[in-house]
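**Student:** sequence plus predicted model, see below.
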Amino acid sequence: MLQPRQIKTLVKAATDYDFSTEVSFRSWIHVAATIRQQAEIYRAEGAYEEAYILFYRYADLLLNNLPQHPAAKGTKNSEAVRQLVNKNLDDVLGRLEQLKAILLEWIEADKRAEAERIKSERIKTERVSRPTVTPRRPVDDQTREAEYAQALASLASLKQGPVSTSSSQFTIPDVSYPSVPHVLTPLSPKSTGTPTAPIVPTTAKNTEHKITQYTENGTPLRTTFLPRSLQARFLDLAASNTVLNLETCGILCGKLNRNAFFITHLVIPAQTSTANTCTTQDEEVMFGYIDSLDLFILGWIHTHPTQSCFMSSVDLHTHSAYQIMLPEAIAVVCAPQHEPSVGVFRLTDPPGMDIIKECKEGAGGKFHLHEETGLYASAYNPGHVKLLDHIDVVTKDLR
Ligand SMILES: [Zn+2]
Ligand SMILES: [Zn+2]
C-alpha cells in the first residue's frame, strides 16, 4: 500500500528537473505546454499527486526558469513568457489549490487509518489475553460501502468530458471532489463481518499502464508504444534522399494515455542534410503543427544512408536535448544497408546524460570522440519501448 506523500516531497519532485539552456527557448515553450497537458490528464485520471507535481513544475518553469533562458532576453520571447503567465497562471494556481486540498485530506485520512490500525492491533492483543471480549469493528460495513460508492461516483464524474488544455476553453469542471480518495482498498464481495483493515488512501490505479522500466538512476520510464509500421513509412518518405546518400530526419510525436505514451504522428520538418548530418529548419512551423494538435515530442528518427546502425557523437548531443525535455524520448536510427537495419536508443543516465551535457565539443554539430563507453543503450527489447502491430501513424511532411 502506497502512503500519500507530503506536499513538500511533491514540491521537491516538481522542481527536480534539468532546465538546460542547451535546449532551445521554443522547445521549452513546447515542453511547458506538454507538462500542463500531462498535469490535466493525470488530474482527470485521478492521479492527483502526479498532477500536483506537474502543475507545480509548469508554474516553476514559467516563473523561475523560462525568464532566465538566454533567448528570453529578446522582446518577442519575453513577451511570449509574459503572455503565457497572464493567460494560464491563474488557472494553474487554482488547480494547485484544489489538488492541495484533496492531497491534505488524503494525508489526514492516512493518519487516521494508521491510528485506527494501531488501536485495532491493541484490541487484538487484548483479545488474545481475554478471549471472551468481542472487538469493536473499526468501520461499520455499511458506512464503508457508502463511502466506497461515493468515491466511485466521484471518480466517474471526474472522468467525464474531454480534457482540454486550451485556455479559451479552460474552465474548472463542476464536479464534486471525493471526500475520500478515488481508489479505496477493495472490499471483498461478501463481508464476513470480521474486522478488516481500515480504509486507507492509495494512489494506485488499476487501469493505468504499469511502470516496468527505469533509468540507471532509478527514474521510472513510462512505456512508449511505437507502431511497427512507422519504420517503413519513414523510409518511404526518406527514399529520395537515401538514394542520393543524404540523411533524413523526422520527429516522433504522440499522446499520453493512462500513464503510457503512444507514438501517433511522424512529422518531417523542413531540413538540410548531408551524408551524415541532418539539421531541422523552420522550428516555428514544426512546433506550430505539433502544438496545434497537443502532441508530445517523444523522440526522433533518422537515416544512416550508408553507415551502420549506431549513435554518432552528433546524434548523442542532438538526443540529449530530447531526453532533457522528456526522459522517455527515444532515437530511432534506420540503416537500410546494414544489419541490424534499425535501432531504438536512449542515453544512459548515468553516465550518458551527464557526460554529453558536460561535453563542450558538441557545439556546432561537429563530430568528435567521447572516451567513455556506455553513453547510450537500447530502448527496445530490452527497454521501455513496445512495438504495436496493425497501427498506422499520421505523417506530416513539412519540407
Ligand atoms: Zn546518426
Ligand atoms: Zn560530445
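**Tutor:** Received it, and whenever you're ready, just let me know what you need. From a predicted model like this one, the values you see are computed outputs, not experimental measurements. Ligands and ions are numbered 1, 2, ... in the order given.
**Student:** element containing the residue of the chain found nearest ligand 1?
**Tutor:** For the chain and ligand 1, the shortest gap (CB to the ion) falls at D315, measuring 4.0 Å. Backbone N, C-alpha and C define where each C-beta goes, glycine included. Element membership for D315 (DSSP states H and E) is helix 313-325.
**Student:** give the buried residues for that helix.
**Tutor:** 313-325 (16 or more other CB atoms under 10 Å).
**Student:** again with stretch 386-399
**Tutor:** 393, 396, 398.
**Student:** name the residues that touch stretch 81-98?
**Tutor:** The contact list for stretch 81-98, computed with CB atoms under 8 Å, 6 or more residues apart in numbering, reads 29, 32, 36, 39, 43, 51-52, 55-56, 58-59, 62-63, 66-67, 72, 167, 170, 172, 177.
**Student:** can you tell me which of these are in helices?
**Tutor:** The helices, defined by DSSP state H, take in 29, 32, 36, 39, 43, 51-52, 55-56, 58-59 from those.
**Student:** what about stretch 125-133, average pLDDT?
**Tutor:** For stretch 125-133, mean pLDDT rounds to 63.
**Student:** got it, and stretch 279-298?
**Tutor:** On average, stretch 279-298 scores 94.
**Student:** ok, stretch 215-222 next?
**Tutor:** pLDDT averaged over stretch 215-222 gives 94.
**Student:** repeat that for stretch 340-355.
**Tutor:** 95.
**Student:** centre of the chain to it, how far?
**Tutor:** Centroid separation for stretch 340-355 versus its chain: 19 Å, with CA atoms, centre = their mean, to the nearest Å.
**Student:** could I get that stretch in PDB with only the CA atoms?
**Tutor:** In PDB, the C-alpha atoms belonging to stretch 340-355 read as follows (Å, rounded to 0.1, in the frame of the first residue of the first chain):
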ATOM      1  CA  PRO A 340      20.600  -4.700 -37.900                       C
ATOM      2  CA  SER A 341      18.900  -2.100 -40.100                       C
ATOM      3  CA  VAL A 342      17.100  -0.300 -37.200                       C
ATOM      4  CA  GLY A 343      17.900   0.600 -33.600                       C
ATOM      5  CA  VAL A 344      15.900   2.300 -30.900                       C
ATOM      6  CA  PHE A 345      18.100   4.100 -28.400                       C
ATOM      7  CA  ARG A 346      18.300   6.400 -25.400                       C
ATOM      8  CA  LEU A 347      21.100   7.900 -23.400                       C
ATOM      9  CA  THR A 348      22.100   6.200 -20.200                       C
ATOM     10  CA  ASP A 349      21.500   8.200 -17.100                       C
ATOM     11  CA  PRO A 350      24.100   7.900 -15.700                       C
ATOM     12  CA  PRO A 351      26.600   8.100 -17.300                       C
ATOM     13  CA  GLY A 352      25.400   9.200 -20.800                       C
ATOM     14  CA  MET A 353      23.300  12.200 -20.000                       C
ATOM     15  CA  ASP A 354      25.800  14.000 -17.700                       C
ATOM     16  CA  ILE A 355      28.800  13.300 -19.900                       C
END
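**Student:** ok, that stretch near ligand 2 or not?
**Tutor:** No. Judged by CB under 5 Å from the ion, stretch 340-355 stays clear of ligand 2, getting no closer than 7.5 Å.
**Student:** so is that stretch next to ligand 1?
**Tutor:** No. On the criterion CB under 5 Å from the ion, stretch 340-355 is out of touch with ligand 1, staying 10.1 Å away.
**Student:** if we can go back for a sec, so which elements touch the helix holding D315?
**Tutor:** helix 25-44, strand 296-303, strand 330-334, strand 342-347, helix 352-358 (3 or more CB pairs under 8 Å, 6 or more residues apart in numbering; DSSP states H and E).
**Student:** look at the residue nearest to P4 when sequence neighbours are not counted and give its secondary structure.
**Tutor:** Sequence neighbours aside, W106 is the residue nearest to P4 in space, at 4.3 Å (criterion: CB to CB, 6 or more residues apart in numbering). Assigned with DSSP: H, G, I helix; E, B strand; the rest coil, W106 falls in the helix class.
**Student:** tell me, how many residues neighbour W106?
**Tutor:** Applying other CB atoms under 10 Å, we find 22 residues neighbouring W106.
**Student:** next one: I356
**Tutor:** For I356, the neighbour count with other CB under 10 Å is 26.
**Student:** do I have it right that it meets H317?
**Tutor:** Yes. Using CB atoms under 8 Å as the test, I356 is close enough to H317 to be in contact (5.9 Å).
**Student:** so what sits against both of these two?
**Tutor:** Joint contacts of I356 and H317 (CB under 8 Å, 6+ apart) are G362.
**Student:** tilt between the helix or strand where L84 lies and helix 25-44?
**Tutor:** Secondary structure from DSSP H and E places L84 in helix 75-129. Inter-element angle recorded for helix 75-129 and helix 25-44: 30 degrees (by axes from the mean of the first three to the mean of the last three CA atoms, to 10 degrees).
**Student:** just to revisit the earlier point, wait, the residue of the chain closest to ligand 1 touches G343, no?
**Tutor:** No. Here D315 does not reach G343: they are 10.6 Å apart, not a contact under CB under 8 Å.
**Student:** tell me, what's touching the two both at once?
**Tutor:** With CB under 8 Å, 6+ apart as the test, D315 and G343 both reach V333.
**Student:** ok so, going back, filter the contacts of stretch 81-98 down to the ones near ligand 2?
**Tutor:** Answer for the contacts of stretch 81-98 near ligand 2: none qualify (CB under 5 Å from the ion).
**Student:** quick check on the residues you listed: which are buried?
**Tutor:** Taking 16+ other CB under 10 Å as the criterion, what is buried in those is 29, 32, 36, 39, 43, 51-52, 55-56, 58-59, 62, 66, 72, 170.
**Student:** picking that back up, can you redo the helices and strands packed on helix 313-325 as a markdown table with distance to K124?
**Tutor:** Output for these, formatted as a markdown table (distance: least, CB to CB, whole Å):
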| stretch | distance to K124 |
| --- | --- |
| helix 25-44 | 38 |
| strand 296-303 | 50 |
| strand 330-334 | 52 |
| strand 342-347 | 50 |
| helix 352-358 | 50 |
